[in-house]
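1. okay, sequence plus prediction incoming.
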Amino acid sequence: MLSFEYDGQSTETIVDKPLRIVQFDSMNDIDGFHREIIKGEKTLLRQEVNHYGAMYSDDSTYEFYLVKADGSPFTEVEQRKINKWLASPQLVKPLNCVTDDGENLIYRGVFQNVGWKMITGHMDGVKCSLVCDTPFSWKKETHFYSCTDSLDIELNINSDDSECFIYPKITVTTPNTMQTIQIINNSDSGNKMEILCYPNLQISIDCKYCIITDGTISGIVDYKDLGWKDAGNIYWTRLKDGVNLLTIKGECNLIITYDIPLKRAGDFV
């Protein structure tokens with residue numbers, strides 16, 4: 001990895017010299033993707049167990065060191081600044097990094113340990129232990145569309161998890177009149193989401209967490225404000241691995257954003 005951003009700060013600018021990611025101990029083995037098989041018990045009457053799926057069994061931990069690009073030690077002020085940066089967040093935050101091949105990836109985690117390594121008798125390296133919620137990275141995709149009446153969209157999802165749906169965040173803005181915008185997912189049995197939009201008021205729909213916000217001061221949107229009467233029968237747009245065909249109906253500007261999993265072992269260091 002070349003650099004990363006975490007909690008609003010970057011390894012390039014956090015102290016007076018850019019920080020570089022290094023390993024002082026050689027590492028020949030790279031952890032992969034260990035999963036736990038979830039299944040029932042065998043009985044005399046049922047010799048074949050019931051299978052309920054598989055999940056990743058452990059947290060994914062990445063250990064590495066940060067050193068200054070010019071090899072100089074960290075001052076006391078810089079030590080406090082880095083400790084504040086990495087050891088403050090209580091909950092998982094995105095870590096945006098640039099890999100050696102220039103690709104932008106996202107990890108989501110918390111720094112469990114921030115220590116220091118003395119090489120020249122001073123604090124020369126920051127020892128970091130990042131615990132992530134998945135053993136793989138993510139890549140963010142963003143697409144912009146402008147629809148005057150009806151628009152067909154093709155989204156090609158290149159996910160490394162073929163059996164899981166991707167739930168996007170959709171932002172809709174209508175220019176002039178109040179109208180109902182339809183987002184029809186032709187690749188998911190023609191299910192559709194209908195959104196009652198107000199002129200020049202941005203509506204953001206997080207299909208993963210079922211959260212809706214708008215551009216008002218409070219940002220809170222009631223389902224009935226969108227024309228949704230049956231809360232138990234709402235279709236939240238979802239995307240499958242591969243080609244997805246969507247149709248947009250109505251006059252609007254649309255932004256579709258989503259994260260796809262990339263199972264590339266050994267990316268972090």
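-> Perfect, I can see it now.

2. hmm, D241 is touching D161, no?
-> Yes. Between D241 and D161 there is a contact under Cβ atoms under 8 Å: 7.0 Å. Yep, even glycine has a C-beta here, placed from its N, CA and C like the rest.

3. can you name the residues that contact the closest residue to V49 other than its chain neighbours?
-> The spatial neighbour of V49 that comes closest, neighbours along the chain excluded (Cβ to Cβ, 6 or more residues apart in numbering), is K39 at 4.6 Å. Residues near K39 by Cβ atoms under 8 Å, 6 or more residues apart in numbering: V49, N50, H51, Y52.

4. next step: the residues you listed restricted to strands.
-> Here DSSP state E is the test, and the contacts of K39 give H51, Y52 as lying in strands.

5. just the buried residues of the contacts of K39.
-> Buried members of those, counted by 16 or more other Cβ atoms under 10 Å: none.

6. a markdown table for the contacts of K39, including distance to Y6 and pLDDT?
-> Shown next, in a markdown table, are the contacts of K39 (distance: Cβ to Cβ, whole Å; pLDDT from 0 to 100):
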| residue | distance to Y6 | pLDDT |
| --- | --- | --- |
| V49 | 42 | 80 |
| N50 | 42 | 81 |
| H51 | 38 | 80 |
| Y52 | 35 | 74 |
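
7. shared neighbours, D241 and D161?
-> Counting by Cβ under 8 Å, 6+ apart, nothing touches both D241 and D161.

8. okay, these two: which has more neighbours?
-> Between D241 and D161, counted using other Cβ atoms under 10 Å, D241 has the larger neighbour count: 18 against 14.

9. number of nearby residues for the closest residue to W116 other than its chain neighbours?
-> Counting by Cβ to Cβ, 6+ apart, W116 lies nearest to M123, which is 4.8 Å off, once chain neighbours are set aside. Using other Cβ under 10 Å, M123 has 17 neighbouring residues.
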